[in-house]
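*Asks:* Take a look and give me a structure for this.
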Amino acid sequence: MVLRILFMGTPEFACPTLEALIRAGYPVVAVVTQPDRPAGRGGKLQAPPVKRLAEAHGIPVLQPRRVRHPDAVAQLRALAPDLVVTAAFGQILSAEVLAVPRLGCLNVHASLLPRWRGAAPIHRAVMAGDTETGITIMWMDEGLDTGDILLQRAIPIGPLETAGEVHDRLAALGAELAVEAVRLVEEGRAPRIPQDHARATYAAKLTPEDERIDWRESATQVVNRIRGLNPWPVAHTTWQGQILKVWMAEPWPEPVPAAPPGTVVAVVRDKGPVVACGEGAVLLTRLQPAGKRPMEAAAFLAGHRMAPGEVLGAEQPPAEQPAKEQPAKE
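*Replies:* Sure thing, here's the model as predicted:
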């Protein structure tokens, strides 16, 4: 008998997994996702990507504010799923929810557990300079990504690869492994490999402080922070009293004059500004000045006068910054 699957997910990361389960012929009895949220300048309610995909396939959608609420649990029980598959759902499942499917709950997690448990594993892996990451298909329990491992597969992270690029590759890999995992469960061959909890690290939610470039860090650390925050929420510094977002940078390979961290030590017109760090220097290659779109650094320099000796990050950013909503857990 083909397994009846209840799928839980919210952002773009989860869509390939849902699509793959549908293509594999598994009946998805319903999709559970986060409520619609206001978006854009007008604050118009916007449906999560997973909701739009489910509706396109004619799959019923549930959007409880809290999936652990007794009414929501009762709805899930009435669906009588054999298996729950989650991917970046964004809510913690209670013991009552975990007990709904007869065969258990699987989670598609975007790291090589037990490294980077928690909300932002892709960002944190890139920001930390990890050279590999991967997908873990995990049997869910009541802990924070502490359940037994069913499947795991690694991929390399390139030296200048962004979090967005890693995200897209992991989303595709997660979809592939999710189908493989469901088949193993269906055949009664799914392993349960306990995690080594002593090796666990945690991928905390991003904070505004994470976004601010600390030029006292080494060039490698600065580059890792910048690419780890691309395309969201984007690293920033200040220049001439305004926020300057930095989308891309790379270590500068040549010697530079000694200067305090954050000092522009050279301006290469066809490449970008070179900025001193606590150790080494970085070439900024893609920038976004206040009120403008992102642009290549050469284009930025063509329209803005940035000179050696200027200091980035010397001023505090403006006190009032618009609140940003974290995407659902990766």
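*Asks:* Identify the single longest helix in the protein, thanks.
*Replies:* Secondary structure of the chain per DSSP state H: the longest helix is helix 163-186.
*Asks:* and that helix, how far from the chain's centre?
*Replies:* How far helix 163-186 lies from its chain's middle: 15 Å, per CA atoms, centre = their mean, to the nearest Å.
*Asks:* which secondary structure elements does that helix contact?
*Replies:* helix 15-23, strand 83-87, strand 105-109, helix 121-127, strand 132-139, strand 149-156 (3 or more CB pairs under 8 Å, 6 or more residues apart in numbering; DSSP states H and E). Yep, even glycine has a C-beta here, placed from its N, CA and C like the rest.
*Asks:* Now do the next helix or strand after it: distance to the chain's middle.
*Replies:* The C-terminal neighbour of helix 163-186 among helices and strands, as given by DSSP states H and E, is strand 202-203. Here strand 202-203 is found 12 Å from its chain centre; the criterion is CA atoms, centre = their mean.
*Asks:* Going forward, the N-terminal residue is numbered 54.
*Replies:* Noted, 54 is the first residue going forward, which turns the last one into strand 255-256.
*Asks:* what lines up beside the lowest-mean-pLDDT helix or strand in the chain in the sheet?
*Replies:* Taking mean pLDDT, DSSP states H and E as the measure, strand 90-92 is the helix or strand of the chain with the lowest mean score, a mean of 89. Strand pairing for strand 90-92, determined by DSSP bridges: strand 97-99 (antiparallel).
*Asks:* tell me the contacts of the residue lying closest to Ile246 once chain neighbours are set aside?
*Replies:* Distances taken as CB to CB, 6 or more residues apart in numbering place Ile202 nearest to Ile246, at 4.3 Å, with adjacent residues excluded. If you count contacts by CB atoms under 8 Å, 6 or more residues apart in numbering, Ile202 has them with Leu166, Thr189, Ile190, Met191, Trp192, Pro244, Arg245, Ile246, Pro247, Gln248.
*Asks:* Val232: which of the residues you listed is nearest?
*Replies:* Ile190 (10.1 Å; CB to CB).
*Asks:* before we move on, back to that, how about the longest helix of the chain: buried residues?
*Replies:* 216, 218-220, 222-224, 226-228, 230-235, 237-239 (16 or more other CB atoms under 10 Å).
*Asks:* who wins for neighbours among the contacts of Ile202?
*Replies:* Highest neighbour count within those, by other CB atoms under 10 Å: Thr189, with 28 neighbours.
*Asks:* pLDDT score for that residue?
*Replies:* As predicted, Thr189 sits at a pLDDT of 98.
*Asks:* Using the three-state scheme, assign Thr355.
*Replies:* You called it Thr, but residue 355 is Ala. Secondary structure, DSSP: H, G, I helix; E, B strand; the rest coil: Ala355 is helix.
*Asks:* ok, now how distant is it from Glu349?
*Replies:* Computed with CB to CB, to the nearest Å, the distance linking Ala355 and Glu349 is 10 Å.
*Asks:* In terms of neighbours, single out the busier of the two.
*Replies:* The neighbour comparison of Ala355 against Glu349 (other CB under 10 Å) goes to Glu349, with 16 against 11.
*Asks:* separation between the residue nearest to Ile246 and Thr139?
*Replies:* 15 Å.
*Asks:* Please give the centre-to-centre distance between the least confident helix or strand of the chain and its chain.
*Replies:* The chain centroid and the centroid of strand 90-92 are separated by 19 Å under CA atoms, centre = their mean.
*Asks:* Now for His110: which residues touch it?
*Replies:* Contacts were defined as CB under 8 Å, 6+ apart; by that measure His110 touches Ile75, Val81.
*Asks:* Name the residues of the helix or strand harbouring Thr273 that are buried.
*Replies:* Using DSSP H and E, Thr273 maps to helix 272-281. For helix 272-281, a neighbour-count test (16+ other CB under 10 Å) marks Ala272, Gln274, Val275, Val276, Asn277, Arg278, Ile279, Arg280, Gly281 as buried.
*Asks:* The nearest residue to Ile266 once chain neighbours are set aside: neighbouring residues, count only.
*Replies:* In this structure, Ile266 finds its nearest non-sequential neighbour in Thr290, 4.6 Å apart by CB to CB, 6+ apart. When neighbours are counted by other CB under 10 Å, Thr290 registers 25.
*Asks:* Tell me the bridge partners for Thr290.
*Replies:* Leu297.
*Asks:* So it sits against Val275, correct?
*Replies:* No: judged on CB atoms under 8 Å, Thr290 makes no contact with Val275 at a distance of 9.7 Å.
*Asks:* From Asn283, how far off is the residue nearest to Ile266?
*Replies:* 14 Å.
*Asks:* Okay, domains of the chain per the record?
*Replies:* With domains defined by automatic domain parsing, the chain comprises 58-256, 261-356.
*Asks:* ok, for Pro91, nearest residue in space, not its chain neighbours?
*Replies:* What sits nearest to Pro91 in space, not counting adjacent residues and going by CB to CB, 6+ apart, is Leu98, at 5.9 Å.
*Asks:* No further queries at this time; thank you.
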